[in-house]
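1. Have a look; sequence and predicted model below, questions after that.
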Amino acid sequence: MKVSLVGCPFRTTYGQYYESLVDALKRTGCQTQWVGSNCGCTDPRELARQFQTTDLQYFELPNDVGPYSIICYSTETLRRVIKAPFRNASLNYRVSRYMSMAGDAEVIHLQQNLNAFGSSVAFRLLHRHTNAARVITVHELDPEQSAHPELNETYNLADAIIVHDSLMKEKLVSQGVKKELINVVCMGTDIGEFEENPARDGIVFYGAHNFNEGKGITTLLSAYKHLKENGTPLPRLRIHGHFGPTPPAYLTKVGEMGLEHDVEWLGDLSNEEIVALYRRSQVCVLPYVGSFAGLPVGFAAANRLPIIATKRAGIPDHIGDLGIWIEPGNPMELAETLKNVLGDNEMRMDRGRQLRACAEQNLGWDVIARNTMTVYRTAKERAAVRVAKETQVASGAHPDRVALKG
């Protein structure tokens, strides 16, 4: 099978995911190419053209008109009116290039997040005629479709949709997307050899690409401060993610809480560095309110690292009932849970072994690739039916009067 995967080519959380997925698909025998372009998000990695890999088909759009968040959602009416034609032309050109670069691919798989890979591009692609199966992975919803959820019915033009957690599936279904089109496929992780009983010290928190309150960082800092003030011995809190330099707002907050000597900002880490960090840590804490936490959950499970988390952000979809659950936004509960977990080495080891078994069975990239290939095969069957109907309509035949296979 020939697949053209369209997604952000830069060194971000998404870039890590796409590279791993492409490599795993290739191991199944699938001919997979990665297509991408600059997007106008103004992320430092995009501006510096820090690519995740050189193994991709890339095109540059020199007439980019800046961040789509500014273009689409500025309150200045005149600014919107002036820039709208340029934005539309840019988006249409991108979709044309994505599709032309796909060549004779049997599946065009768009990874939707934001900006040049947001819903405006996804919906334009779904309106284009192609014999290839059209698959959309919805990583996140952008402001435009959140403000106008009726737009999401456009997803029904897809031959298949992939999401990473059940809550996203339920949300799309509630907004008119056909349930049978939506497939929950977890984010994968590397399952490497594991050293028995490594020395462990430290608490890990993942700030992802967009470091914000949806990750629950203030809840974690408040819990840590409470424990420290009550004399509880605590390991260092280590924070990593694709957020670039230390976020100034949180650096100030850490200082105000008197935790500047307790928090270590690691910033952007490679997959190998994340593995090393998780293997030497005692617990991963993910008090997420929203967003998505598939990446740290996979790394933690594969490296036997217990996870204290909310039942949000796709975490239960990835590890079932193996999380140590807390309610969102409750620092006192988190403090008590963290104290208990840090004080019980036997429990941490037992939970870690269970998480590793879960990762081996459900989260390895080869498992994710097989699940994705199943979605592709179903999408191809639907695409054949769709193309046949489109051909009948073009020829003047009434599709409901012609027997179709599939």
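-> Ah, there it is.

2. Same question for stretch 316-333: list its buried residues.
-> Within stretch 316-333, the residues that qualify as buried are 316-319, 322-324, 326, 328, 330-331, 333, counting by 16 or more other CB atoms under 10 Å. C-betas here are computed from N, CA, C, even on glycine.

3. how far does it sit from the chain's center?
-> 19 Å (CA atoms, centre = their mean, to the nearest Å).

4. Equivalent analysis for stretch 258-266, please.
-> The answer for stretch 258-266 is 27 Å, by CA atoms, centre = their mean.

5. average pLDDT across it?
-> The average of the pLDDT scores along stretch 258-266 is 94.

6. now do stretch 338-356
-> For stretch 338-356, the per-residue pLDDT averages 97.

7. Not counting its own residues, what contacts that stretch?
-> Here stretch 338-356 makes contact (CB atoms under 8 Å, 6 or more residues apart in numbering) with 194, 197, 203, 223-224, 227, 232, 234-235, 282-283, 285, 300-308, 319, 322, 324.

8. Going through these, which ones are buried?
-> 194, 203, 223-224, 227, 234, 282-283, 285, 300-308, 319, 322, 324.

9. Could you list which of the residues you listed belong to helices?
-> Per DSSP state H, helices hold the following members of those: 223-224, 227, 300-302, 319.

10. Let me know the closest of those residues to residue 158.
-> residue 319 (28.2 Å; CB to CB).

11. Can you check what pLDDT the model gives the closest one?
-> For residue 319, the predicted pLDDT is 98.

12. in terms of contact, does it touch residue 302 like I think?
-> No: taking contacts as CB atoms under 8 Å, residue 319 lies outside contact range of residue 302: 10.9 Å.

13. According to the record, where do the domains of the chain fall?
-> 2-188+366-401, 203-362 (automatic domain parsing).

14. Near the closest residue to residue 59 other than its chain neighbours, how many other residues are there?
-> Of all residues not flanking residue 59 in the chain, residue 37 sits nearest, at 5.1 Å (CB to CB, 6 or more residues apart in numbering). Using other CB atoms under 10 Å, residue 37 has 21 neighbouring residues.

15. for residue 289, same thing?
-> Neighbour tally, residue 289, other CB under 10 Å: 15.

16. Next: residue 351.
-> Residue 351, neighbours per other CB under 10 Å, totals 20.

17. is it true that it lies in a strand?
-> No: counting by DSSP: H, G, I helix; E, B strand; the rest coil, residue 351 is not found in a strand; it is helix.

18. ok, it to residue 110 distance?
-> In this view, residue 351 and residue 110 are 37 Å apart by CB to CB, to the nearest Å.

19. now do residue 25
-> Taken as CB to CB, the span from residue 25 to residue 110 is 15 Å.

20. the longest helix in the chain is where?
-> The chain, longest helix under DSSP H: helix 365-395.

21. on that earlier part again, and the ones in helices among the buried ones among the contacts of stretch 338-356, which two are the farthest apart?
-> Farthest pair in these, by CB to CB: 227 and 302, 27.8 Å.
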